[in-house]
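Student: The sequence and its predicted three-dimensional model are supplied below.
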Amino acid sequence: SSVTLRWTVSNGSCADSFDEVVLTNYAAPTVAVAGADQENCNVSSFTLAGNAPVVGTGLWSIVSGAGVITSPTLYNTTVTGVAAGSSVTLRWTVSNGSCADSFDEVVLTNYAAPTVAVAGADQENCNVSSFTLAGNAPVVGTGLWSIVSG
């Protein structure tokens with residue numbers, strides 16, 4: 001809320017001199033909550049889950065990385081253009097007048113699809129207990145052998 005005060009200086013029959021000042025007391029902004037970090041696999045679009053400010057206005061900004069914020073003042077806007085294999089860090093800032101801003105950050109990660117697994121050809125041995133596996137070396141991701149049966 002605000003109030004306007006007038007300071008008046010007078011002297012006898014002379015015209016008064018006055019000036020006004022506006023005093024505004026802003027409420028603290030709503031505490032910003034950017035939502036949980038999100039991960040996609042080879043999908044460059046995310047829907048943000050920030051909180052809707054009750055007091056003040058919110059604004060999304062990019063802290064690091066690259067992407068496009070569709071509607072920067074909308075708490076649940078979309079972010080597009082996050083390249084596969086990259087992350088973007090966004091900040092949700094809630095402001096109200098001269099009060100200190102409240103902010104929170106969220107990380108959006110778009111993993112690149114892993115290399116297609118190729119285990120190699122089936123093998124047969126006679127009375128030999130060891131085999132040499134011939135799986136492909138992944139370019140994206142990490143490989144792990146596991147026993148499915150037997």
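Tutor: That came through, no problem. Numbers count the residues shown, from 1 in each chain.
Student: Report how many residues lie close to residue 62.
Tutor: By other C-beta atoms under 10 Å, the residues close to residue 62 number 15. C-beta: built from backbone N, CA, C; applies to glycine.
Student: Identify the residues contacting it.
Tutor: Going by C-beta atoms under 8 Å, 6 or more residues apart in numbering, residue 62 touches 69, 88-91.
Student: Now with 6 Å, please.
Tutor: Neighbouring residues of residue 62 by C-beta atoms under 6 Å, 6 or more residues apart in numbering: residue 90.
Student: where does it sit relative to residue 68, distance-wise?
Tutor: Plainly put, residue 62 is 9 Å away from residue 68 if you go by C-beta to C-beta, to the nearest Å.
Student: Kindly report the same for residue 126.
Tutor: Plainly put, residue 126 is 61 Å away from residue 68 if you go by C-beta to C-beta.
Student: need the strands for this structure, in chain order.
Tutor: Taking DSSP state E, the strands of the chain run over residues 2-9, 17-24, 38-41, 46-47, 57-64, 68-69, 78-80, 86-95, 102-111.
Student: and the fourth one, which strands flank it?
Tutor: By that I understand strand 46-47. Strand pairing for strand 46-47, determined by DSSP bridges: strand 78-80 (antiparallel).
Student: Where does the prediction get shaky in the chain?
Tutor: The model of the chain has no residue with pLDDT under 70.
Student: give the contact list for the closest residue in space to residue 53 that isn't next to it in sequence.
Tutor: Spatially, and ignoring its direct neighbours in sequence, residue 53 is nearest to residue 30 (4.2 Å; C-beta to C-beta, 6 or more residues apart in numbering). Taking C-beta under 6 Å, 6+ apart as the contact definition, residue 30 lies against 53-56, 94.
Student: swap the cut-off to 7 Å and go again
Tutor: Residue 30 makes contacts with 51, 53-56, 94, 102, as judged by C-beta atoms under 7 Å, 6 or more residues apart in numbering.
Student: swap in residue 51?
Tutor: Each residue near residue 51 by C-beta under 7 Å, 6+ apart is listed here: 30, 32-33, 75.
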